[in-house]
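> Predicted model and sequence follow; I will ask about them next.
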Amino acid sequence: MTEDLDECYDVIVKLSKKGGQLIHERIWSQKSVQFKSCEVDLVTETDQEVEKLLISSLKSKFPGHKFIGEESTAAGIKCELTDYPTWIIDPVDGTMNFVHGYPNVCVSVALWVDKVAEIGIIYNPVLELFFSARRGQGAFLNGKPIHVSQENDLSKSLIGYEFGTSRDPEKMKVVMENMNILTPLVHGVRSTGSCAQNMAMVALGGTDANFEYGIHAWDIAAGYLIVTEAGGVVIDPAGGPFDVLSRRYLCACSQDLADQLVTIIKQHYPERD
Ligand code: IPD
């Protein structure tokens, strides 16, 4: 089956803007909040509604397509990436931010075909940041081309860092150790509270590298394409190839900077998606 990727792109641009509008309208309103894996892993009715909107509209437009969605997976649907065109969706990345009214929230959605990333969108509707990429066509912010930074000196780099939504003591230990390792060695460490936006910041050149353990395919599937199309690299944090289902990634402006980080950071291996 040959996909009309132009059509897929046009459809998902419109849908992510529609989903983004719901997020923007509700970010400073009262929300109904529930827990998932633990008391800091949150979900709201807006997460569920935006995912439903995206999946039902995409299903009616592209009946043969498959889906991996954060809230569908939480509801028990198997997370499976096949060669079929598959939309990988995080309806609200930065749910904790959304719950608190902190405006680093986004819709993150990607289309992978034959296990290759073809389309990636990360849309923050509150700050009006629309990151997009298509394979082989570059990466864009609000329609303008973006490129990673050229900073290969670790001591002058700004690193995107996240504490995550797991309170597993083994994982927390590694997160804290890496924070202690990195902070004295780099210019600074920044946290957006959204994995997708951490990756978008590397693509934009706002930060030079970023890595995290314990995230899921829906957090990184769009960011992977946006970073690589902006000229950066996305690898496994131990140095091997990136695997979208591994719940591990490291992205950087260059292989050189990525390699320097690989040699100093502690590793953590969560259960795969
Ligand atoms: C979370 C955010 C956060 C990251 C967590 C993710 P969610 O996604 O991306 O920055 O540290 O690991 O689960 O739950 O807001 O979609």
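That came through, no problem.
> Relative to Leu185, how far out is the residue in the stretch 151-273 of the chain that the ligand sits nearest to?
Relative to the ligand, the nearest point of the stretch 151-273 of the chain is Cys195 (3.3 Å; C-beta to the nearest ligand atom). To be clear about C-beta, it is placed using only N, CA and C from the backbone, and glycine gets the same treatment. As judged by C-beta to C-beta, to the nearest Å, Cys195 and Leu185 stand 22 Å apart.
> Looking at the two, which is more packed in?
Cys195 (27 against 13; other C-beta atoms under 10 Å).
> excluding its backbone neighbours, what's nearest Ser166?
Of all residues not flanking Ser166 in the chain, Gly214 sits nearest, at 5.2 Å (C-beta to C-beta, 6 or more residues apart in numbering).
> The one you found: what's it in contact with?
Neighbour list for Gly214: Gly164, Thr165, Ser166, Lys171, Arg247, His268, Pro270 [criterion: C-beta atoms under 8 Å, 6 or more residues apart in numbering].
> Distance from the helix or strand harbouring Gly120 to the middle of the chain?
Gly120 is part of strand 116-124 when elements are defined by DSSP states H and E. On the basis of C-alpha atoms, centre = their mean, to the nearest Å, the separation between the geometric centre of strand 116-124 and that of its chain is 9 Å.
> what comes into contact with that strand?
3, 5, 8-9, 12-13, 16-17, 19-20, 93, 103-112, 129-135, 196-197, 199-200, 221-226, 228-229.
> run the last query once more with 6 Å
Contacts with strand 116-124, where a contact means C-beta atoms under 6 Å, 6 or more residues apart in numbering, come from 5, 9, 16, 20, 106-111, 130-135, 196, 200, 222, 224-226.
> Mark which of those are part of strands, please.
Within the contacts of strand 116-124, residues falling in strands by DSSP state E are Cys106, Val107, Ser108, Val109, Ala110, Leu111, Phe130, Phe131, Ser132, Ala133, Arg134.
> Name all residues that make contact with whichever residue of the stretch 1-150 of the chain sits closest to the ligand.
Of all residues in the stretch 1-150 of the chain, Thr95 sits closest to the ligand, with a separation of 3.7 Å (C-beta to the nearest ligand atom). With contact taken as C-beta under 6 Å, 6+ apart, Thr95 is in contact with Leu42, Asp47.
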